[in-house]
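Participant: here you go, sequence then predicted model.
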Amino acid sequence: MSSQISNMHARYSHHNANRHGDTLKSILAAVMIADSKIHANELEELISAIDKLSHETGQKAGLTREWLKQNIGEINAMIHGPNRNRWLSLQFLKLRDFPDKDAALDHLWRVAVADGDLHVNEAAIIDKALWLWKSE
């Protein structure tokens, strides 16, 4: 029985690690494209942020070109579409048990201002994170 519980825990932990990693990638990419532009500095900061946060999620793989190609269109549609607030809330709630929200917030901020400007849409994403995470 103990072995079964241990195996279930391992599968659950792996699932949560993947959930955190993909969700972190999504929200960091969302803040990068919130102003409808992708600047080289923002992309560099996004890659750096994923690398630094990846150890927290247990994922070995950082942000890949393939992941970005597969997901950037959907993320863009969500953050510029009518369900934007719902989608963002869901992403931040998926990370409610992420162990280092302060680091994630710091990286959101760094990606947002990497182009030298804080766009109103970028600020709105950070405000939503603060509101949902700090109210727990």
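Facilitator: Thanks, I have the structure now.
Participant: remind me which residues of this structure are low pLDDT?
Facilitator: 1-18, 55-61, 135-136 (pLDDT under 70).
Participant: hey, where'd the helices end up in this structure?
Facilitator: In the chain, the segments counted as helices under DSSP state H are 2-33, 40-57, 65-79, 84-94, 101-113, 120-134.
Participant: in a markdown table, list those along with mean neighbour count.
Facilitator: C-betas here are computed from N, CA, C, even on glycine. As requested, the helices of the chain are exported to a markdown table (neighbours: other Cβ atoms under 10 Å):
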| stretch | mean neighbour count |
| --- | --- |
| helix 2-33 | 16 |
| helix 40-57 | 18 |
| helix 65-79 | 14 |
| helix 84-94 | 17 |
| helix 101-113 | 19 |
| helix 120-134 | 16 |
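Participant: show me what contacts the residue sitting nearest the centre point of the chain?
Facilitator: The centre of the chain sits closest to L24, judged by Cα atoms, centre = their mean, with a distance of 2.2 Å. Going by Cβ atoms under 8 Å, 6 or more residues apart in numbering, L24 touches I50, L53, T57, L95, F98, A104.
Participant: what about 7 Å?
Facilitator: Contact analysis of L24 by Cβ atoms under 7 Å, 6 or more residues apart in numbering lists I50, L53, T57, L95, A104.
Participant: go ahead and confirm D35 touches H119.
Facilitator: Yes - using Cβ atoms under 7 Å, D35 makes contact with H119 at a distance of 3.7 Å.
Participant: for L53, see how far away the residue nearest to the centre of the chain is.
Facilitator: When distance is defined by Cβ to Cβ, to the nearest Å, L24 is 6 Å away from L53.
Participant: list residues touching both of those two?
Facilitator: By Cβ under 7 Å, 6+ apart, the residues touching both L24 and L53 are A104.
Participant: you'd agree A104 is up against S54?
Facilitator: No - the criterion here is Cβ under 7 Å, and A104 misses it with S54 at 11.8 Å.
Participant: thinking again about what came up before, and the gap between the residue nearest to the centre of the chain and L108?
Facilitator: L24 is 10 Å from L108, by Cβ to Cβ.
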